[in-house]
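Novice: could you work out the structure for the sequence below:
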Amino acid sequence: MPGSDDSAAENASVALVEKRDDLEKRLKRIQQSRRKIAEEVLDLYQKGEIESEESSFFSGLAGDYEELGVFAIYDDDIGAAQTAFTEAATYYQRSSDKDPIPLHSARQRMQGMYAALLAGEEATLVDLAESMQRLAAEEDCDPSDEWADRYFLAWCLAGAVLGTVDEAALMGLEAVNDEKLSPHAAYGQAILSIARGVCEEDPAAIESGIESMLAFHEQDMQQDNVVEQVMSVQATALLILARAAGYRPAVSSEFIPIDLVEASADAIEP
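Specialist: Residues are numbered from 1 along each chain as shown. Modelled structure (predicted):
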């Protein structure tokens with residue numbers, strides 16, 4: 001019946017608008033809260049009223065600024081997003097420097113590299129990648145170790161950033177990833193494909209890596225996490241890395257803000 005079809009379409013359209021309005025309200029509420037917390041904590045720290053030098057303090061600040069960057073993307077403010085991601089990269093770097101467990105710090109280095117790519121901050125990106133390679137040279141890690149996942153992921157990503165991927169990093173990540181189940185196996189496969197693609201100058205592998213990271217995001221995304229519904233931090237960062245290296249992967253997604261990709265990739269020299 002034509003009337004029933006029209007009514008169903010109209011109801012679906014109304015539901016979509018309501019969902020979008022609800023998402024925007026939740027985003028604005030969280031955005032205001034994150035900005036207030038980050039600014040107040042940073043102000044107290046700079047005044048000496050917070051004396052914490054713990055790694056978790058700086059990683060918490062980094063996470064707040066990363067979310068503020070995502071909120072700016074939702075507002076179509078690329079400049080504000082890059083500024084927030086720059087702050088995130090800086091605090092991830094400080095967090096890694098303060099971490100008392102060297103292997104544990106690999107995670108902050110990896111998150112910092114993602115944030116630096118999103119910000120188009122080449123100097124910070126290279127510093128973080130080089131620091132991860134130094135860590136790998138100084139600290140051995142077996143694939144069965146507690147921190148092996150973050151260690152080999154960050155080592156491979158650092159190699160992709162610098163264009164010097166160590167075979168030991170690839171073998172270690174392969175061993176770790178073999179033990180993973182979906183969707184987390186897709187995350188490891190994404191980094192493996194990107195690292196191999198850069199090492200072997202293989203555009204298809206690079207494109208496959210970005211697609212794997214998108215698959216991970218879509219499978220792992222929580223419906224009540226409004227930040228994850230705006231963009232995939234990791235997939236966007238990997239596409240920026242590929243573009244900055246001179247590749248043009250044919251990847252598009254609602255979770256990848258192409259304006260940010262173009263602005264940040266242009267700021268990083270191949």
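Novice: ok, now which ones touch the nearest residue to residue 263 once chain neighbours are set aside?
Specialist: Of all residues not flanking residue 263 in the chain, residue 78 sits nearest, at 5.3 Å (Cβ to Cβ, 6 or more residues apart in numbering). Any C-beta I mention is one placed from the backbone N, CA and C, and that applies to glycine too. Residue 78 sits next to 72, 257, 259, 260, 263 when contact means Cβ atoms under 8 Å, 6 or more residues apart in numbering.
Novice: what do you get for residue 218?
Specialist: Neighbours of residue 218 in contact, by Cβ under 8 Å, 6+ apart: residue 255.
Novice: at 10 Å what do you get?
Specialist: By Cβ atoms under 10 Å, 6 or more residues apart in numbering, the contact list for residue 218 reads 183, 186, 228, 232, 235, 253, 254, 255.
Novice: can you tell me how far the first one is from residue 216?
Specialist: Between residue 183 and residue 216 the computed distance is 5 Å (Cβ to Cβ, to the nearest Å).
Novice: between these two, which is the more surrounded one?
Specialist: residue 216 (22 against 15; other Cβ atoms under 10 Å).
Novice: picking up where we left off before, whichever of the contacts of residue 218 end up buried, select them in ChimeraX.
Specialist: Remark: buried members of those, expressed as a ChimeraX selection using 16 or more other Cβ atoms under 10 Å:
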select :186,228,232,235,253,255
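Novice: can you redo the contacts of residue 218 as CSV with distance to residue 247 and pLDDT?
Specialist: Putting the contacts of residue 218 into CSV (distance: Cβ to Cβ, whole Å; pLDDT from 0 to 100) gives the following:
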residue, distance to residue 247, pLDDT
183, 25, 84
186, 20, 94
228, 26, 85
232, 18, 96
235, 15, 97
253, 17, 96
254, 22, 94
255, 19, 96
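Novice: please flag which of the contacts of residue 218 sit within helices.
Specialist: Of the contacts of residue 218, the ones assigned to helices by DSSP state H are 186, 235.
Novice: please identify which of the contacts of residue 218 is nearest to residue 67.
Specialist: Nearest to residue 67 among the contacts of residue 218, counting by Cβ to Cβ, is residue 228 at 10.4 Å.
Novice: that closest one is in contact with residue 219, isn't it?
Specialist: No: the pair residue 228 / residue 219 is not scored as a contact, 11.3 Å apart, by Cβ atoms under 10 Å.
Novice: do you know how far the residue nearest to residue 263 is from residue 69?
Specialist: Between residue 78 and residue 69 the computed distance is 10 Å (Cβ to Cβ).
Novice: before we move on, what about residue 84?
Specialist: The gap separating residue 84 from residue 69 is 4 Å, by Cβ to Cβ.
Novice: give me the below-cutoff pLDDT ranges for the stretch 151-270 of the chain.
Specialist: Residues of the stretch 151-270 of the chain meeting the criterion pLDDT under 70: 270.
Novice: where do the helices sit along it?
Specialist: For the stretch 151-270 of the chain, the helices defined by DSSP state H, counting those that start in this stretch cover 167-177, 184-200, 203-220, 233-244, 258-266.
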